[in-house]
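Asks: Got a predicted model here, sequence first, then my questions.
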Amino acid sequence: MTRYDDLFDETTPTDSVFADKGALDPLAKPDKIIARDEQERQLATILNGVHEGYLPTTVSIYGPPGTGKTTTTRLVCREFADRTEQVAVEYVNLKECRTLFSAANEILLEVSGERKKAYEGLDGVFASLWEALTEYPEYTILLLDEIDQLAQDSNYDPNDFFYRLLRGEGRLKRGISLSTFLISNELLEVDLRLDSRVQSAMSDEQIFFPPYTEQQLAKLTMPRFRRAFRDCEKILSVKVYSHGLRQAAMRWGDARKTLTLFRHAGETANERELDTITRDCIEVNLEQTDKTATLERITQLPLQHFFVLISITAWTNRRTGEIVQPVTMSQVEDSYAKQSLPDEDSIGVRAMRDIVTDLETMGLIETWIDSRGSDGRVKQVETAFDPEWVKDARPQYIEQSEHLEHPSESE
Ligand SMILES: Nc1ncnc2c1ncn2[C@@H]1O[C@H](COP(=O)(O)OP(=O)(O)OP(=O)(O)O)[C@@H](O)[C@H]1O
């Protein structure tokens, strides 16, 4: 027997609570959309505009994570295009695009199968995009997912990108009918601080996806749980199931996290060699699920946002070593300065305050103003999650900043 024979033997599931764990994979495409009737109807009404010769330039699809924005929008648009010859739909996820140029290139790749070199700039990419779209049916719907990941970069401003996409000369000259559905967590004009020129080029069609209620999560998850768990009614009692759903609805209203919570709970039951999922299996995984999801978001932040998070969580209690929360804005500024970042990595106080506002918009921190009598008004800041988790995100940033590998003594 090799070491691996032992390892695989030890980890082979025996008496697993799962029959088909894949049913809990949030990445698996569901066969049908559940509990989003209103949003499906809004989408269908907008799409049916084609029969009256009109599609809005933009449709903003927004709401918190895991509320079915992508799944619902893709499916309804695809079903519509399958039934309507004049319509083509393209989907592009911009999550991995670090620059506005790469985002434009990603769209071009989807539409034409080619990319442009950096020296051709945004103008070059858009010129080819309009060229390629002339071959498309009368109406093209471009679904741009995670568009809130776009940020100012050293070459372009999001306003340049959007203005070219919505009002570009090549587009107007060729009379291309392109409708861009912008999928994001926040309304874009707020999130990306788009200027009035771009805002006026956007239509005011908006579809909001609110967090799921407990009843909606029940409808959405039950068919999957029946497939996922062996003898579901026995393994997952109504009491435990309801407790998990109530917590999931109260904390997140997020279908993805809810599926993950119950998958983890099943794994805990297996590890503990239980033949049912207990309330405790849910409890231990509630915090873990929160932590995993939060770390995923933190590790996707730009480096400067992470430096600011470090500054917010840098004050510790001398006696207990615990991170002090909340801290004042001037404490945050102090600890940012104490990090002694090299010049090329360092930003001014004003830019730092903008990042604090960004972090608040993303729901990662909370701020409020305290009135301190003669000392005036003081802005307080604290993380919306356990501040210790910032340390766990650190290894992910080391590649981007040597400074994080060898932090200064004073930090
Ligand atoms: N209404 C629904 N019906 C069926 N499955 C759903 C529904 N909503 C969400 N899901 C499941 O949850 C997963 C996540 O949903 P989706 O990616 O559509 O959410 P989102 O709102 O676009 O999230 P994010 O903002 O994080 O991208 C889907 O892959 C699907 O498995």
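Replies: Ah, there it is.
Asks: now stretch 54-65, how far from the centre of its chain.
Replies: 16 Å (Cα atoms, centre = their mean, to the nearest Å).
Asks: Run a quick neighbour tally on the nearest residue to residue 305 once chain neighbours are set aside.
Replies: Excluding its sequence neighbours, the residue lying closest to residue 305 (Cβ to Cβ, 6 or more residues apart in numbering) is residue 355, at 5.5 Å. To be clear about C-beta, it is placed using only N, CA and C from the backbone, and glycine gets the same treatment. Using other Cβ atoms under 10 Å, residue 355 is surrounded by 20 other residues.
Asks: what sits against residue 355?
Replies: 304, 305, 308, 347 (Cβ atoms under 8 Å, 6 or more residues apart in numbering).
Asks: Name the residue of the stretch 1-150 of the chain with the shortest distance to the ligand.
Replies: Nearest residue of the stretch 1-150 of the chain to the ligand, counting by Cβ to the nearest ligand atom: residue 68, 2.8 Å away.
Asks: My guess is that residue contacts residue 37. True?
Replies: No. Counting by Cβ atoms under 8 Å, residue 68 sits too far from residue 37 to count as a contact (11.3 Å).
Asks: In terms of neighbours, single out the busier of the two.
Replies: It is residue 68, of residue 68 and residue 37, that has more neighbours when counted by other Cβ under 10 Å, with 23 against 9.
Asks: how close does the residue nearest to that one when sequence neighbours are not counted get to residue 72?
Replies: Counting by Cβ to Cβ, 6+ apart, the nearest residue to residue 68 once its immediate chain neighbours are dropped is residue 36, at 5.2 Å. Using Cβ to Cβ, to the nearest Å, residue 36 is found at 5 Å from residue 72.
Asks: okay, and the common contacts of those two?
Replies: Shared contacts of residue 36 and residue 72, counting by Cβ under 8 Å, 6+ apart, come down to residue 209.
Asks: now the contacts of residue 355 in JSON lines, with secondary structure and distance to residue 367?
Replies: Shown next, in JSON lines, are these (DSSP: H, G, I helix; E, B strand; the rest coil; distance: Cβ to Cβ, whole Å):
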{"residue": "304", "secondary structure": "helix", "distance to residue 367": "18"}
{"residue": "305", "secondary structure": "helix", "distance to residue 367": "15"}
{"residue": "308", "secondary structure": "helix", "distance to residue 367": "12"}
{"residue": "347", "secondary structure": "coil", "distance to residue 367": "18"}
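Asks: Drop anything exposed from those residues.
Replies: 304, 305, 308 (16 or more other Cβ atoms under 10 Å).
Asks: what distance separates the helix or strand hosting residue 245 from the middle of the whole chain?
Replies: Element membership of residue 245 [criterion: DSSP states H and E] is helix 238-251. Centroid separation for helix 238-251 versus its chain: 23 Å, with Cα atoms, centre = their mean.
Asks: If you count neighbours, what's buried in that helix?
Replies: 240, 241, 244, 245, 247, 248, 249, 251.
Asks: What parts of the chain come near the ligand?
Replies: 26, 30, 33-36, 65-72, 185, 209, 220, 255-256 (Cβ under 6 Å from any ligand atom).
Asks: And residue 92, how far from residue 367?
Replies: Distance from residue 92 to residue 367, by Cβ to Cβ: 34 Å.
Asks: The two: which has the busier surroundings?
Replies: Set residue 92 next to residue 367 and count neighbours by other Cβ under 10 Å: residue 92 wins out with 19 against 16.
Asks: ok but that one is inside a strand, no?
Replies: Yes. Per DSSP: H, G, I helix; E, B strand; the rest coil, residue 92 lies within a strand segment.
Asks: Report pLDDT for it.
Replies: If you check residue 92, the pLDDT there is 97.
Asks: what's the helix or strand for residue 6?
Replies: helix 3-11.
Asks: so where do the helices sit in the stretch 201-350 of the chain?
Replies: 214-228, 232-235, 238-251, 255-271, 279-298, 303-312, 329-338, 349-361 (DSSP state H, counting those that start in this stretch).
Asks: Can I take it that residue 60 is in a helix?
Replies: No. Applying three-state DSSP, one finds residue 60 to be strand, outside a helix.
Asks: For it, list the residues it contacts.
Replies: 182, 184, 187, 188, 202, 205, 206, 207.
Asks: at 6 Å instead, please
Replies: 182, 187, 206 (Cβ atoms under 6 Å, 6 or more residues apart in numbering).
Asks: Can you give the contact residues for stretch 123-143?
Replies: 50, 55, 77, 86-91, 104-105, 108, 111-112, 116, 164, 168, 170-171, 174, 176-181.
Asks: export it as CSV, just CAs?
Replies: The C-alpha trace of stretch 123-143 is given here as CSV (Å, rounded to 0.1, in the frame of the first residue of the first chain):
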residue,chain,number,x,y,z
ASP,A,123,-10.2,53.5,-30.5
GLY,A,124,-8.8,50.5,-32.4
VAL,A,125,-10.9,48.0,-30.4
PHE,A,126,-14.1,49.9,-30.9
ALA,A,127,-13.5,50.5,-34.6
SER,A,128,-13.2,46.7,-35.1
LEU,A,129,-16.2,46.1,-32.8
TRP,A,130,-18.5,48.3,-35.0
GLU,A,131,-17.1,46.6,-38.1
ALA,A,132,-17.9,43.1,-36.7
LEU,A,133,-21.4,44.2,-35.6
THR,A,134,-22.4,45.2,-39.1
GLU,A,135,-22.6,41.5,-39.8
TYR,A,136,-24.9,40.9,-36.9
PRO,A,137,-28.8,40.7,-37.0
GLU,A,138,-30.7,43.9,-36.7
TYR,A,139,-30.6,44.0,-32.9
THR,A,140,-27.7,42.9,-30.7
ILE,A,141,-28.0,42.6,-27.0
LEU,A,142,-24.7,42.7,-25.1
LEU,A,143,-24.8,41.3,-21.6
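Asks: what about that stretch, average pLDDT?
Replies: On average, stretch 123-143 scores 95.
Asks: and if you look at stretch 367-374?
Replies: 85.
Asks: Distance from it to the middle of the chain?
Replies: That offset, for stretch 367-374, works out to 32 Å (Cα atoms, centre = their mean).
Asks: likewise stretch 269-287?
Replies: With Cα atoms, centre = their mean, you get 28 Å for stretch 269-287.
Asks: Over to stretch 53-61?
Replies: Using Cα atoms, centre = their mean, the offset of stretch 53-61 from its chain centre is 23 Å.
Asks: No more questions from me, cheers.
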